[in-house]
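[1] here is a sequence with its predicted model. Questions after.
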Amino acid sequence: MRKLLAPLLLCAAGIFTSSLSAQSADYGAAVDSDRLSAASQEPQVWMSYGRTYDEQRYSPLTQINRDTLDQVGLAWYADMTTSRGQEATPIVVDGALYVSTSWSNVWAFDARTGELLWEHDPNVDRATGFKACCDVVNRGVAVWEGKVFVGTLDGRLIALDSKTGDKLWETQTVDPDLNYTITGAPRVIKGNVIIGNGGAEYGVRGYVTAYDAETGEQNWRFYTVPGNPAEEFEQPELFDAASTWTGQWWTLGGGGTVWDAMAYDVELDLLYIGVGNGSPWNQSLRSPGGGDNLFLTSIVALDPDDGSYRWHYQTTPGETWDYTATQHIMLADLEIDGEERRVVMQAPKNGFFYVLDAATGQLISAENYVPVNWATHIDLETGRPVENPDARYDLTGTPFIASPSALGGHNWYPMSFSQNTNLVYIPITENYMGYIADNEFVVNDSGWNTGIDLGRGFGLVRSTPGLPDQGTFLQAWDPVAQEEVWRVKHEVENGPAGVLSTAAGLVFQGNRSGEFVAYDDETGERVWSTLTQAGVMAAPSTYEIDGQQHIALLVGSPALPSEGPGAAASTTVASSNNSRLLVYRIGGEAQLPRIPVETETDVDFEIPQTDAPNEVIAAGETAYNRTCAVCHGNDGISLRPDTYPDLRRSSRMVSESDWSSVVLEGELQDNGMISFANVLEDGEAEAIRAYIISRANTDADQR
Ligand code: CA
């Protein structure tokens, strides 16, 4: 047990002693098919990732409402002992609250008191960190019949005893020699634990697998892209899918990873999975003769018992912009044209909001929820986008500044649906990026494989005047009328956070300014807020215990900005990323400690000068943007300096040997910073150092 337990108990607002005699101290996670299928009848718990199988993230609880919000305070909190990002939704059932955190660690708490029950560290090899595009995060666990399941960054699925945290079984779900990762939450359907994986920027082939919850044995696997046609296809529909590909895509992996969204319709007995982008992104490299490239960027409906294919709908045929359809999939009953329809809804990265028939996959409607320029609209007859002919940059074509960017109009941040308003609340970003084909693309076994020149793409955006403002918003969207009802702009624009709606007419969302906010679900009026001492990315969940409604939220994202409400709560300008679990209820009186002053130890060195010629610095910029920017930030500016050091502040730049010891010799591989000796060409590490020195001098006043 960790030494942090003592302060943890102190913060439990003095009610810890009452927990030991409580009936709920069984922590059995006694979840089964009947309970999960009827989860809407148990408002007091949050048994699975999206609360119910339809993943609406809508809670019937109303004790916290417009009249009581001003009495809501922090009941308890727990430090997550990491500065890494937090993306998990807390799962709460049978008196226990389960969260996963960075490096796929799992923590279990008494949901009433915050007492730490157990923690499990799966000892993920830290060198796998480089395979994760977007930090070593984990979005949550699943519970079932006394077990807690977590997918690990290094590709394992692990079953833990819900009462003790002891490992019951584990199975490797990927080839560890390939660049697969797991960051998504498993789902359990009728005793099958279903898990996908990520890695479509790193040359893998996507699939989703079901394992027996009792034993960990594989029951079925569904591949999302065809393999080599010279070998036998694993599934019959891959034969037709292969006719939508050209060239030798299987040598490039193909992509199509299922790294986040799943939903399940109990009545129709259909599992829906969201499929990711192509690998590499650039279709003219991946499938040179074009084609739709099924099942990339599709919602696919499967039989959850055997994984057999039922239907698919492809959002972006011939994907070439990283427009994944892995975003939140949600089921709902909507009245459309006077008819009650069971629908699947998704706001994938490509900027269109889709409403599909849940039984057949038929497109009912689609409109853009953010500015879109890669397509003019979705043709409802064909179900296909009508593309802007300029958008499809290729090896000979001109560059294109596309909206949305590869980050998407909406990314993994969970949406919510309100059964009060019939609106969907979407964490959106209005953005764009420059796409320029990489004419010298070669497959890079241990790195980023997009087939586009990111560095020149950044330069294109910088040098193009008159581009519209970018921004981050909470948007209320009417899925029947397919139009926006209201939006709220966030002050800090480096990303949104997940959403919860409740029957009390409230929508809850954190933000990157370090606040947790409640909005009126009809108007977007801000009706309550509290300071979190950390930026927020994750979605809240809510539960009731001892007659009291609680709201639980993991906080922790890029460090807080130097201005705005969150910074005001801090004692320092450059605050650290205070990753924590925060749990609120009416009458909660716990207080967060003041943020300790962070010292940037590396800032004290003298920035060296470089005598490298301009062409070397330019080559360093290109190599940096190709290899380093995905983690350390565009143009050398880290958005997450706690996690990915801002290299302009790194004293490693001072000497060639200090630099190469990290970049080429892997000195910091236990942090995820592996050696890039196989990736960089001769002289490139030094060119990158020259570029960073030049950036550090240019931005010396920002230290
Ligand atoms: Ca991607």
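    It's in. Residues are numbered from 1 along each chain as shown.

[2] unless I'm mixing things up, residue 83 is touching residue 579, no?
    Yes. With contact defined as CB atoms under 8 Å, residue 83 and residue 579 form a contacting pair (6.4 Å). Placement of C-beta: from N, CA and C, glycine included.

[3] now do the shared contacts for these two.
    Counting by CB atoms under 8 Å, 6 or more residues apart in numbering, the common neighbours of residue 83 and residue 579 are residue 556.

[4] contacts only, for residue 398.
    Counting by CB under 8 Å, 6+ apart, residue 398 makes contact with residue 390.

[5] mind listing the residues bridging to residue 385?
    residue 378 (DSSP bridges).

[6] get me the contact residues on the stretch 251-400 of the chain for the ion.
    On the criterion CB under 5 Å from the ion, the ion has as its neighbours in the stretch 251-400 of the chain the residues 277, 322.

[7] how about residue 670: what's its closest non-neighbour residue?
    Sequence neighbours aside, residue 126 is the residue nearest to residue 670 in space, at 4.3 Å (criterion: CB to CB, 6 or more residues apart in numbering).

[8] contacting residues for the residue positioned nearest the centre of the chain?
    Among the residues of the chain, the smallest C-alpha distance to the mean C-alpha position (CA atoms, centre = their mean) belongs to residue 412, namely 4.1 Å. Counting by CB under 8 Å, 6+ apart, residue 412 touches 87, 139, 260, 326, 327, 328.

[9] where does the stretch 451-600 of the chain have low pLDDT?
    Across the stretch 451-600 of the chain, the ranges flagged by pLDDT under 70 are 558-576, 594-600.

[10] going by proximity to the ion, name the top residue of it.
    The stretch 451-600 of the chain approaches the ion most closely through residue 452 (12.1 Å), counting by CB to the ion.

[11] please enumerate the strands of the stretch 51-200 of the chain.
    Assigned by DSSP state E, counting those that start in this stretch, the strands in the stretch 51-200 of the chain fall at 58-59, 72-79, 91-93, 96-100, 106-110, 116-120, 142-144, 147-151, 156-161, 167-172, 187-189, 192-195.

[12] restricting to C-alpha, output the longest one in CSV.
    By that I understand strand 72-79. C-alpha atoms of strand 72-79 as CSV (Å, rounded to 0.1, in the frame of the first residue of the first chain):
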residue,chain,number,x,y,z
VAL,A,72,-22.2,21.3,-3.4
GLY,A,73,-18.6,20.9,-2.2
LEU,A,74,-15.8,18.5,-2.3
ALA,A,75,-16.6,15.3,-0.3
TRP,A,76,-13.1,13.7,-0.8
TYR,A,77,-10.3,13.6,-3.2
ALA,A,78,-7.3,11.4,-4.0
ASP,A,79,-4.0,12.3,-5.5
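
[13] show me what it is in contact with.
    Strand 72-79 is contacted by residues 4, 7-8, 11-13, 64, 107, 109, 113-114, 116, 528, 530, 550-551, 578-592 when judged by CB under 8 Å, 6+ apart.

[14] give the PyMOL command for selecting the buried subset of these.
    Typed into PyMOL, the line below selects the buried ones among those, using 16 or more other CB atoms under 10 Å:
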select buried, resi 8+11+12+13+64+107+109+113+114+116+528+530+550+551+578+579+580+581+582+583+584+585+586+588+590+592
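
[15] from the contacts of strand 72-79, which land in strands?
    Per DSSP state E, strands hold the following members of the contacts of strand 72-79: 107, 109, 116, 528, 530, 550-551, 580-586.

[16] could those be laid out in JSON lines, adding distance to residue 156?
    Compiled in JSON lines, these are given as follows (distance: CB to CB, whole Å):
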{"residue": "107", "distance to residue 156": "18"}
{"residue": "109", "distance to residue 156": "23"}
{"residue": "116", "distance to residue 156": "23"}
{"residue": "528", "distance to residue 156": "40"}
{"residue": "530", "distance to residue 156": "37"}
{"residue": "550", "distance to residue 156": "31"}
{"residue": "551", "distance to residue 156": "31"}
{"residue": "580", "distance to residue 156": "26"}
{"residue": "581", "distance to residue 156": "24"}
{"residue": "582", "distance to residue 156": "29"}
{"residue": "583", "distance to residue 156": "29"}
{"residue": "584", "distance to residue 156": "33"}
{"residue": "585", "distance to residue 156": "35"}
{"residue": "586", "distance to residue 156": "40"}
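
[17] need the pLDDT of the closest residue to residue 410 other than its chain neighbours.
    Residue nearest to residue 410 in three dimensions, not counting chain neighbours: residue 347, with 4.3 Å by CB to CB, 6+ apart. As summarised for this prediction, residue 347 has a pLDDT of 98.

[18] is it true that residue 347 touches residue 330?
    No. Taking CB under 8 Å as the contact criterion, residue 347 and residue 330 are not neighbours in contact, 9.2 Å apart.

[19] who's sitting farthest from the centroid in the protein?
    In terms of distance from the mean C-alpha position of the chain, residue 611 ranks first, at 41.5 Å (CA atoms, centre = their mean).

[20] report pLDDT for that residue.
    As predicted, residue 611 sits at a pLDDT of 90.

[21] quick check: residue 173 vs residue 144, distance?
    When CB to CB, to the nearest Å is applied, the distance between residue 173 and residue 144 equals 17 Å.

[22] so between the two, which is more surrounded?
    With other CB atoms under 10 Å as the criterion, residue 173 and residue 144 differ in neighbour count, and residue 144 comes out ahead with 28 against 24.

[23] who are the contact partners of the nearest residue to that one once chain neighbours are set aside?
    Across the structure, with CB to CB, 6+ apart as the measure, the residue nearest residue 144 apart from its sequence neighbours is residue 188 (4.3 Å). Residue 188 makes contact with 31, 36, 48, 142, 143, 144, 149, 194, 213, according to CB under 8 Å, 6+ apart.

[24] can you tell me which residues contact the last one?
    Read it as residue 213. For residue 213, the residues meeting the contact criterion (CB under 8 Å, 6+ apart) are 144, 145, 147, 149, 159, 188, 191, 192, 193.

[25] the residue lying closest to the second one once chain neighbours are set aside: neighbouring residues, count only.
    In this case it means residue 145. Nearest residue to residue 145, sequence neighbours excluded (CB to CB, 6+ apart): residue 32, at 5.9 Å. Residues lying near residue 32 (other CB under 10 Å) number 12.

[26] give me phi/psi at residue 32?
    Geometry field for residue 32 lists phi and psi as phi -140, psi -170, criterion degrees, to the nearest 10.

[27] my read: it touches residue 144, true?
    Yes. In this structure, residue 32 is within contact of residue 144 by CB under 8 Å, at 7.2 Å.
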